[in-house]
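Visitor: Task: produce atomic coordinates for the following.
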Amino acid sequence: NASVILPISKYLENVVRKNIPGKKVVLFPADGRDPSEWNQISGMSLKHPCVGLVQGLNIWGKTRELNTLQDVMRKLPNVTFYLAGDGIYRDKIIPKLKKFENFVWMGNLEYPNEVKKFFSSIDVYLLLSGLEGLGQSVIESMLMKKPVIASNIGGIPEIVIDGETGFLVNLGDSNQIVHLINDLLSKPDLVKKITTKAEENVKMNYSWESIAKKFLEILEKTYKESN
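Guide: You can find the predicted model right below:
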């Protein structure tokens with residue numbers, strides 16, 4: 001009996017319209033952050049060059065894409081990959097990844113401080129997921145000025161504008177991921193260009209201030225239409 005449904009991404013908007021026809025649907029990217037709270041924090045010692053991943057392991061549709069990481073690590077033996085996150089599917093994925101000497105599993109990190117330290121310490125952020133409504137960790141990594149490589153699925157392309165605010169990769173394409181990691185590790189000018197644009201985009205569209213204004217506009221318009 002909702003007056004309006006507010007999906008957080010265009011991807012989910014299409015899902016809602018398909019499964020609940022006839023309802024008023026308004027896009028509302030409500031996965032916000034306070035940019036002033038996401039600053040660099042020292043205190044985590046990692047081996048460089050390194051790539052960081054932050055994701056839960058509770059949904060197999062998301063977790064299974066981490067299998068691609070095996071081939072990536074095999075092709076980049078001199079890069080260390082750190083995975084932060086835990087969940088019910090850990091035993092289906094972590095043992096496979098632990099076979100590689102350049103892999104470190106960190107388990108769950110305390111949120112948000114330890115996560116901020118982690119983002120502050122990595123060189124590149126990688127999100128390998130088979131299912132995403134939007135992508136919270138992408139927003140956070142962009143605020144922390146880290147270059148992002150992410151799976152081209154779900155709502156991720158709405159945050160990661162390929163070649164502008166980050167890079168999108170096709171599911172299972174390890175060669176594409178390896179190429180992008182090498183590029184980002186060797187081209188500081190590219191990193192600066194990408195991270196600057198990404199931070200600006202997130203601050204403009206995913207800050208709580210902008211989200212609150214958007215929410216108020218939706219409420220006022222919905223109220224007027226129903227009276």
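Visitor: Surely residue 27 is in contact with residue 13?
Guide: Yes: using Cβ atoms under 8 Å, residue 27 makes contact with residue 13 at a distance of 5.2 Å. Yep, even glycine has a C-beta here, placed from its N, CA and C like the rest.
Visitor: what sits in contact with each of those two?
Guide: Shared contacts of residue 27 and residue 13 (Cβ atoms under 8 Å, 6 or more residues apart in numbering): residue 7.
Visitor: Can you show me the helices along this protein?
Guide: Using DSSP state H, the helices of the chain run over 10-19, 60-63, 68-75, 90-97, 113-121, 136-143, 174-186, 188-205, 208-225.
Visitor: Run the chain-centre distance for the first one.
Guide: So that's helix 10-19. 20 Å (Cα atoms, centre = their mean, to the nearest Å).
Visitor: same question, the last one
Guide: The chain centre lies 26 Å from the centre of helix 208-225; the measure is Cα atoms, centre = their mean.
Visitor: That helix: which residues count as buried?
Guide: 211, 214 (16 or more other Cβ atoms under 10 Å).
Visitor: And the residue in the chain sticking out farthest from the centre, how far from residue 212?
Guide: Farthest-out residue of the chain from its mean C-alpha position, per Cα atoms, centre = their mean: residue 227, at 39.8 Å. Separation of residue 227 from residue 212 (Cβ to Cβ, to the nearest Å) stands at 23 Å.
Visitor: check contacts around residue 138.
Guide: 125, 127, 148, 150, 156, 159, 160, 166.
Visitor: distance of residue 111 from residue 84?
Guide: 10 Å.
Visitor: Looking at those two, which has the bigger crowd around it?
Guide: residue 84 (22 against 11; other Cβ atoms under 10 Å).
Visitor: For the more buried one, name its beta-bridge partners.
Guide: Taking DSSP bridges, one finds residue 54, residue 107 as the beta-bridge partners of residue 84.
Visitor: Surely residue 183 is in contact with residue 190?
Guide: Yes: Residue 183 lies in contact with residue 190 (Cβ under 8 Å); the separation is 6.5 Å.
Visitor: distance of the residue sitting nearest the centre point of the chain from residue 70?
Guide: Residue closest to the mean C-alpha point of the chain, counted by Cα atoms, centre = their mean, is residue 138 at 2.7 Å. Distance, residue 138 to residue 70, by Cβ to Cβ: 22 Å.
Visitor: Over to residue 63?
Guide: Taking Cβ to Cβ, one finds residue 63 at 13 Å from residue 70.
Visitor: what sits up against stretch 87-103?
Guide: 56-60, 63-64, 66-67, 69-70, 73-74, 76-81, 83, 105.
Visitor: filter those to the buried ones?
Guide: For these, buried by 16+ other Cβ under 10 Å: 56-57, 59, 63-64, 66-67, 69-70, 73, 76, 79-81, 83, 105.
Visitor: just those residues now: which is nearest residue 195?
Guide: residue 79 (18.8 Å; Cβ to Cβ).
Visitor: any idea how far residue 187 is from the residue nearest to that closest one when sequence neighbours are not counted?
Guide: Take residue 79 and drop its neighbours on the chain: the residue closest to it by Cβ to Cβ, 6 or more residues apart in numbering is residue 49, 5.2 Å away. Note on residue 49: its distance to residue 187, by Cβ to Cβ, is 13 Å.
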